[in-house]
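Visitor: Got a sequence here, can you build the structure:
(one chain, ligands or ions: 1)
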Amino acid sequence: MTSQPRPIPPPATTGEAIVVPLPRRPRTSDPRAARRAFLAAALRNPGKVGAIAPTSETMAEVLTRIVPLAGAPVVVELGPGTGAVTGVIDDRLSPQARHVAVELDPDMASFLARTHPGLEVIQGDAVKLGALLAEHGVTKADAVVSGLPWSLFDDATQRSILTQIADVVGSEGAFSTFAYRHGLLLSAARRFRRVLHETFEEVLVTETVWRNVPPAFVYVCRRPRQPAES
Ligand SMILES: C[S@@+](CC[C@H](N)C(=O)[O-])C[C@H]1O[C@@H](n2cnc3c(N)ncnc32)[C@H](O)[C@@H]1O
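Guide: This next block holds a predicted model:
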């Protein structure tokens, strides 16, 4: 965990995404190979992947604003797929940082491990997040960035994963996740928004990123609510 002051992310707004690109490190992953690996996984397991193409770079920039630029933060990424967001997180991190990724699909997990040498890849189910992280010595994270397909999860699974995320970010960390704009018409997406508000005191909604297929926005959540006394 870092003791450095953390940068304050820009406030949530509406309108176009204003994205200030950071200097890029050379990417080890060939984007075409990543797209091919993503599509293969999506066709093999559509009910788990929940998308047919990786997230756009603009979307990834908005999603990763919560990642501290300085110090030695611990960053946990959920559902990294073939690394569309992973590389953008790495661009923000200092060499002292720790970046741990939890991916369910074994082929995507091994693709990531091959293409992102500094990344700690855990192949496993985010529903066991607390136990998986504990096995790797992680009990707190400065940021949890999610690419999980929430609308494919039932209510109990959403709540279980969100509770574990809330435990790991604690009162000082932040959690971000994206949602497709058209999804708000679906009850599963509206239920997810409700569960976010039940789990966190602060839930901000960013501008819509139109340069994503399909257009999406990001939820930025902080300060888990205290569990009710029984
Ligand atoms: C919509 S894709 C996002 C991939 C990538 N983050 C991106 O933005 O391009 C969802 C990813 O979550 C993974 N996933 C789905 N359910 C999961 C679970 N229970 N635990 C961990 N990963 C999961 C899928 O295998 C897939 O890689």
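Visitor: low-confidence ranges in this protein?
Guide: 1-29, 228-230 (pLDDT under 70).
Visitor: how about the residues of it near the ligand?
Guide: Proximity of the chain to the ligand, by Cβ under 6 Å from any ligand atom, involves residues 48-51, 54-55, 78-81, 84-85, 102-105, 108, 125-127, 147-149. (Each C-beta comes from the backbone N, C-alpha and C, glycine too.)
Visitor: Now go through the residues you listed and say which are in helices.
Guide: Using DSSP state H, 48-49, 108 are the members of the residues of the chain next to the ligand that sit in helices.
Visitor: now that we have those residues, which one has the most neighbours?
Guide: When neighbours are counted by other Cβ atoms under 10 Å, residue 108 leads those with 26 neighbours.
Visitor: hang on, that one packs against residue 42?
Guide: No. Applying Cβ atoms under 8 Å as the test, residue 108 and residue 42 come out as separate, 9.9 Å apart.
Visitor: For this structure, which segments count as strands?
Guide: In the chain, the segments counted as strands under DSSP state E are 74-78, 98-103, 120-123, 143-146, 174-180, 200-205, 216-224.
Visitor: Tabulate these (JSON lines), appending mean neighbour count.
Guide: Below are those laid out as JSON lines (neighbours: other Cβ atoms under 10 Å):
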{"stretch": "strand 74-78", "mean neighbour count": "25"}
{"stretch": "strand 98-103", "mean neighbour count": "24"}
{"stretch": "strand 120-123", "mean neighbour count": "19"}
{"stretch": "strand 143-146", "mean neighbour count": "26"}
{"stretch": "strand 174-180", "mean neighbour count": "22"}
{"stretch": "strand 200-205", "mean neighbour count": "16"}
{"stretch": "strand 216-224", "mean neighbour count": "21"}
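Visitor: looking at those strands, which is closest to residue 35?
Guide: Closest to residue 35 of the strands of the chain is strand 98-103 (Cβ to Cβ; 16.5 Å).
Visitor: Make a markdown table out of the ones in helices among the residues of the chain next to the ligand and add distance to residue 179.
Guide: Formatted as a markdown table, these follow (distance: Cβ to Cβ, whole Å):
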| residue | distance to residue 179 |
| --- | --- |
| 48 | 18 |
| 49 | 16 |
| 108 | 21 |
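Visitor: Just give me the closest of those to residue 131.
Guide: Nearest member of those to residue 131, counting by Cβ to Cβ, is residue 48, at 19.8 Å.
Visitor: Tell me who's in contact with that closest one.
Guide: Contacts for residue 48 (Cβ atoms under 8 Å, 6 or more residues apart in numbering) come out as 104-105, 149, 152.
Visitor: Could you rerun that using 10 Å?
Guide: With contact set as Cβ atoms under 10 Å, 6 or more residues apart in numbering, residue 48 has these partners: 41-42, 79, 104-105, 125, 148-149, 152.
Visitor: which of the residues you listed sit farthest apart?
Guide: 42 and 125 (18.0 Å).
Visitor: Compare these two (neighbour count), which wins?
Guide: residue 42 (19 against 14).
Visitor: List only those of the contacts of residue 48 flagged as buried.
Guide: 41-42, 79, 104-105, 148 (16 or more other Cβ atoms under 10 Å).
Visitor: Would you mind putting these into a markdown table with distance to residue 140 alongside?
Guide: What follows is the buried ones among the contacts of residue 48, written out as a markdown table (distance: Cβ to Cβ, whole Å):
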| residue | distance to residue 140 |
| --- | --- |
| 41 | 30 |
| 42 | 33 |
| 79 | 20 |
| 104 | 23 |
| 105 | 27 |
| 148 | 20 |
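Visitor: Brilliant, that's me finished.
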